[in-house]
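Student: Here's a sequence, model it:
(2 chains)
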There are 2 protein chains.
Amino acid sequence: MHEKEISLAVIQRLPRYYRYLGELLENDVVRISSKELSERMKVTASQIRQDLNNFGGFGQQGYGYNVEYLYTEIGKILGLDKCYNLIIIGAGNLGQALANYTDFERRGFYIRGIFDVNPRLEGISIRGTEIRMIDELEDFMKNNTVHIAALTIPKLKAPAIAKDLVRMGIKAIWNFAPTDLNLPGDVMVENVHLAESLMRLSYNLKALEENNDESDKN
Amino acid sequence: MHEKEISLAVIQRLPRYYRYLGELLENDVVRISSKELSERMKVTASQIRQDLNNFGGFGQQGYGYNVEYLYTEIGKILGLDKCYNLIIIGAGNLGQALANYTDFERRGFYIRGIFDVNPRLEGISIRGTEIRMIDELEDFMKNNTVHIAALTIPKLKAPAIAKDLVRMGIKAIWNFAPTDLNLPGDVMVENVHLAESLMRLSYNLKALEENNDESDKN
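Tutor: Down below sits the predicted model:
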C-alpha cells in the first residue's frame, strides 16, 4: 500500500493536480511534460516530478506524462473511483449553494438529503432532493448509507449536531461552521473556515500596502 | 517591521488563534496559559509559544497570556484594525450566502456591492445592498473605494472578470471559482476551492477504510 507513505503536503497538492489534468483531458491533451505542466500550474518542474514520483512516477524520460492515466491514478488515490453519499445539514443559502453545485456529482459525490429546522423550508426541492426536517435525520441515517455530512449551520449548533451525526455512524464531516468540532479521531473533519480565509486576504493586503509605502519612501 | 519575518505557516495559523482568543474574550477569560490554550486548540504548548514568540511573545512566565491584548495584537497583524470594502461578483446562492454572513462585518469586512448578469436579480436587496447589473461595475469601481472582490461565478467566466477587476484597480480577490486566475504578482488571491476540499475528505475517508480493513485482517 504505497499510498500510506505519501506526505500530507503532497496530499494537499493532489486535488490541484487532478483539477489541472482534468482540464487537459477536456481539451484532448494526451501527453504533457513536467516542464509544460509546471508552467501551467506555476509549480517548479522538479516539484512536480518529486510529487508524482511519490506514488510510482507515471512519467517516462523525454515522453512526459500520459494525461488520462495520471488523471485516473490520482483519482484512485483520492478515492474518486468510488461514489459517496452526502447529506447537507442546514438548508440556508450556503447549504443550497452546495446542493446546486453539479461539479460534485461529476466527481462522485451525490447529495442524498438536505435537513433543516425551519418548517418553512420543508418539502422544497433542490435539484430533486427535498428538504426534510432535522427530526427525520435519525431515521434517514438508519435507512440510508451516508458517507459525508456537510454542516452549513451556525457555529453554536454545529458541535451538538456533529456529535449526533457521529453517534448515528457518520465518519466524515465537511464543516462550514466557524468552530472546531473536537470529534473522535476516527471521524474525518475537513473545515472550510471562510472568515479565516478572508483574514489571510486582509493580512496579505496589508503586507502589500506596507511594501508600497516602503517603496514610496525610497 | 517585525511582521515581515513571520513564516507563511505561522500566518496560516494566526486566524485560528484569533478565533480562539475571540471566543475566550466572549467568555470573559482575562488570562490563559499556553498549556490551557494548547489543550483547547489541540496544538502543542511549545508550538503555541514558538508561534506567539514570533511576533514579540505576549506571555509572561507563570502568568500566561493577556487574552485581550493578544487578540488585539494578532488582529493588527492580520490587518483587522482597518475596514475593508468588499464587493461580490455573482449573486447566486453562494454570493447571497456571503452577503448574508454577518460575521464578516464584525471583523471589519463590509459588503458594498453585489453584481450579477441575471436581469431577474436586479434591484433585489440583500441586507440593504441592492444587486446591480455587471455593466454598472466599472462606474461603481470609479466612484467607490473597493478593497476586495469575491468571485462567486462559474469557472469559465472567472478569469476574464478577474482581469477586468484588476484593470479597474482591485488588489485582492477572494476566488470561489474552481480555477486559478493567473493575475499579476501584486494582486492578492485567496482561493476557496470547494471541490478540492471535498477530495481531501474522500482521500481521508478512503485511508480510514483501508486502515479498518487492515485491522479486520489482523
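Student: So what does the residue nearest to A:G108 when sequence neighbours are not counted have for phi and psi?
Tutor: Spatially, and ignoring its direct neighbours in sequence, A:G108 is nearest to A:C83 (4.7 Å; CB to CB, 6 or more residues apart in numbering or on different chains). Where C-beta positions appear, they are placed from N, C-alpha and C, glycine not excepted. A:C83 has phi and psi values of phi -110, psi 150 when expressed as degrees, to the nearest 10.
Student: got the contact list for A:C83?
Tutor: Each residue near A:C83 by CB atoms under 8 Å, 6 or more residues apart in numbering or on different chains is listed here: A:108-110.
Student: if I look at it, how far off is B:L208?
Tutor: 17 Å (CB to CB, to the nearest Å).
Student: Same check on A:L98?
Tutor: Counting by CB to CB, the gap between A:L98 and B:L208 amounts to 22 Å.
Student: Looking at the two, which is more packed in?
Tutor: A:L98 (26 against 17; other CB atoms under 10 Å in any protein chain shown).
Student: re earlier: report the lowest-confidence entry in the contacts of A:C83.
Tutor: Lowest pLDDT of the contacts of A:C83: A:G108, 93.
Student: That one contacts A:Y84, doesn't it?
Tutor: Yes: using CB atoms under 8 Å, A:G108 is in contact with A:Y84, at 6.0 Å.
Student: joint contacts of these two?
Tutor: B:S202.
Student: and the top helix by length along chain A, which residues are buried?
Tutor: Ranked by residue count and defined by DSSP state H, the top helix of chain A is helix A:194-217. Neighbour counts over helix A:194-217 (16 or more other CB atoms under 10 Å in any protein chain shown) mark A:194-196, A:198-208 as buried.
Student: so which of those residues are also by chain B?
Tutor: Counting by CB under 8 Å from any CB of the partner chain, A:194-196, A:198-208 from the buried residues of helix A:194-217 sit close to chain B.
Student: Throw these into TSV and include pLDDT, thanks.
Tutor: Supplementary listing: those in TSV, determined by pLDDT from 0 to 100:
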residue	pLDDT
A:L194	94
A:A195	92
A:E196	92
A:L198	94
A:M199	94
A:R200	92
A:L201	93
A:S202	93
A:Y203	91
A:N204	89
A:L205	90
A:K206	88
A:A207	83
A:L208	83
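Student: now these as a markdown table including distance to A:T179?
Tutor: As requested, these are arranged in a markdown table below (distance: CB to CB, whole Å):
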| residue | distance to A:T179 |
| --- | --- |
| A:L194 | 12 |
| A:A195 | 11 |
| A:E196 | 11 |
| A:L198 | 16 |
| A:M199 | 15 |
| A:R200 | 18 |
| A:L201 | 21 |
| A:S202 | 20 |
| A:Y203 | 21 |
| A:N204 | 24 |
| A:L205 | 25 |
| A:K206 | 26 |
| A:A207 | 27 |
| A:L208 | 30 |
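Student: so, if you compare those residues, which one comes nearest to A:N54?
Tutor: Top of the list for closeness to A:N54, among these and by CB to CB, is A:R200 at 27.1 Å.
Student: The helix-or-strand element of chain A with minimal mean pLDDT: what's the following helix or strand?
Tutor: Of all helical and strand segments in chain A, the minimum by mean pLDDT, DSSP states H and E falls on strand A:59-60, at a mean of 61. On the C-terminal side of strand A:59-60, the closest following helix or strand by DSSP states H and E is strand A:64-66.
Student: I'd like to know which elements that following strand is packed against.
Tutor: Helices and strands in packing contact with strand A:64-66 are listed as strand A:31-32, helix A:34-41; criterion 3 or more CB pairs under 8 Å, 6 or more residues apart in numbering or on different chains; DSSP states H and E.
Student: Give me the distance between the two termini of stretch A:146-166.
Tutor: Chord length of stretch A:146-166, first to last residue, is 11 Å (CA to CA, to the nearest Å).
Student: Are it and chain B in contact anywhere?
Tutor: Yes: contact between stretch A:146-166 and chain B, assessed by CB under 8 Å from any CB, occurs at A:147-148.
Student: re the thing from before, pull out the buried members of the contacts of A:C83.
Tutor: For the contacts of A:C83, buried by 16+ other CB under 10 Å: A:108-109.
Student: any idea which of the contacts of A:C83 is the one closest to chain B?
Tutor: For the contacts of A:C83, the residue nearest chain B by CB to the nearest CB is A:F109; the value is 5.9 Å.
Student: Touching, the closest one and B:S202? I think so.
Tutor: Yes: if you go by CB under 8 Å, A:F109 and B:S202 touch, sitting 7.5 Å apart.
Student: Common neighbours of the two, please.
Tutor: By CB under 8 Å, 6+ apart, A:F109 and B:S202 have these common neighbours: A:84, A:148.
Student: OK, contacts around the residue lying closest to A:P154 once chain neighbours are set aside?
Tutor: Setting aside the residues directly before and after it, A:P154 is nearest to A:A177 in space (CB to CB, 6+ apart), at 6.7 Å. The contact partners of A:A177, by CB under 8 Å, 6+ apart, come to A:151-155, A:157-158.
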